[in-house]
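A.B. asks: With the sequence up front, the predicted model follows.
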Amino acid sequence: MEIAKSLEFFCNRLFDRFGQKHGDVLAAIRSLRNGLVYGSRARAPHALVMVMLFSNGSLLRKARTIVSLTARHAMNLGCFAFSYKLLLAILRQYSGRYCEWHPFAIAFFVAYFIFGKENVINTQINLYLLSRVLYALVRLANEKLRLKINASKAFPWYAAIVWGIGLWLWENHENTLQKSLQSSMAYLYRTGDSWNGIRDLVF
């Protein structure tokens, strides 16, 4: 027991000393780890539900798909977080100070290579982020331009515009929508147009 405590104490001292000199590297490694964990937690339950409900094939094939989707999501987030933190630290040290444009420049560069390849995972991540970025930009404009728009009064208009445009696209330009959204829209608004009796209508 004493040997284990001594070893842990020694490792912590060594880690602290290394951290003082190379804290940015350790922060990047920690971000890599957090990206892997967060990506796994975010994707695994989603992939489990979607694959089990809507995918065809054997149980083994479904399990492989779930693991593959989860691993890709986790690796993309982990690699992005690691690269972003490390390059941001390098740019800050090179320029001698932090500038407000640094995060944009680094994220732009790293995302081009990591999230720029079009696939199911990257499409979903980019769409997820896009909606939140647009929402935040509206709030930022409200704050910076001092528009004094009441958020609770503006939210119904926001919802109405999003749904109005979404359903207009569905009814008139369906092919422009993402495939998963097309499937959802078809299930909600098209399969209900026909039925074979009360049993099919209700159940």
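C.D. replies: Yes, it's here. Note that the structure is a prediction, hence the values are computed from the model and not measured.
A.B. asks: For the rest of this, base every contact and every neighbour count on C-alpha atoms.
C.D. replies: OK.
A.B. asks: Check which helix or strand the residue nearest the centre of the chain maps to.
C.D. replies: The chain has residue 125 as the residue nearest its centroid, 3.8 Å off, counting by C-alpha atoms, centre = their mean. For residue 125, the element it lies in under DSSP states H and E is helix 120-144.
A.B. asks: What are the buried residues along that helix?
C.D. replies: Neighbour-count burial for helix 120-144, counted by 16 or more other C-alpha atoms under 10 Å, picks out 121-122.
A.B. asks: Just checking the distance from that helix to the centre of its chain.
C.D. replies: 11 Å (C-alpha atoms, centre = their mean, to the nearest Å).
A.B. asks: so after it, what's the next helix or strand?
C.D. replies: With DSSP H and E, the next secondary element past helix 120-144 is helix 151-172.
A.B. asks: Which positions in that next one come out as buried?
C.D. replies: Using 16+ other C-alpha under 10 Å as the test for burial, helix 151-172 gives 166, 170.
A.B. asks: Now do the buried residues in whichever helix or strand comes after it.
C.D. replies: Where DSSP H and E defines the elements, the next helix or strand beyond helix 151-172 is helix 179-189. Residues of helix 179-189 classed as buried: residue 185 (neighbour count, 16+ other C-alpha under 10 Å).
A.B. asks: what inclination does helix 179-189 have with respect to helix 151-172?
C.D. replies: With axes from the mean of the first three to the mean of the last three C-alpha atoms, to 10 degrees defining the directions, helix 179-189 sits at 90 degrees from helix 151-172.
A.B. asks: for the record, mean pLDDT for helix 179-189?
C.D. replies: Over the span of helix 179-189, the pLDDT mean works out to 85.
A.B. asks: That helix packs against which elements?
C.D. replies: Of the remaining helices and strands, none touches helix 179-189 by 3 or more C-alpha pairs under 8 Å, 6 or more residues apart in numbering; DSSP states H and E.
A.B. asks: then it to CSV, C-alphas only?
C.D. replies: Provided in CSV are the C-alpha atoms of helix 179-189 (Å, rounded to 0.1, in the frame of the first residue of the first chain):
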residue,chain,number,x,y,z
LYS,A,179,-32.1,12.1,-46.6
SER,A,180,-32.9,11.5,-43.0
LEU,A,181,-35.1,14.5,-42.9
GLN,A,182,-36.8,13.4,-46.1
SER,A,183,-37.5,10.0,-44.4
SER,A,184,-38.9,11.7,-41.3
MET,A,185,-41.1,14.0,-43.4
ALA,A,186,-42.4,11.2,-45.5
TYR,A,187,-43.4,9.1,-42.5
LEU,A,188,-45.1,12.1,-40.8
TYR,A,189,-46.8,13.7,-43.8
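A.B. asks: Other residues contacting the helix or strand that contains residue 110?
C.D. replies: Here residue 110, judged by DSSP H and E, is contained in helix 102-114. Contact with helix 102-114 is made by 76, 79-80, 83-84, 87-88, 91-92, as judged by C-alpha atoms under 8 Å, 6 or more residues apart in numbering.
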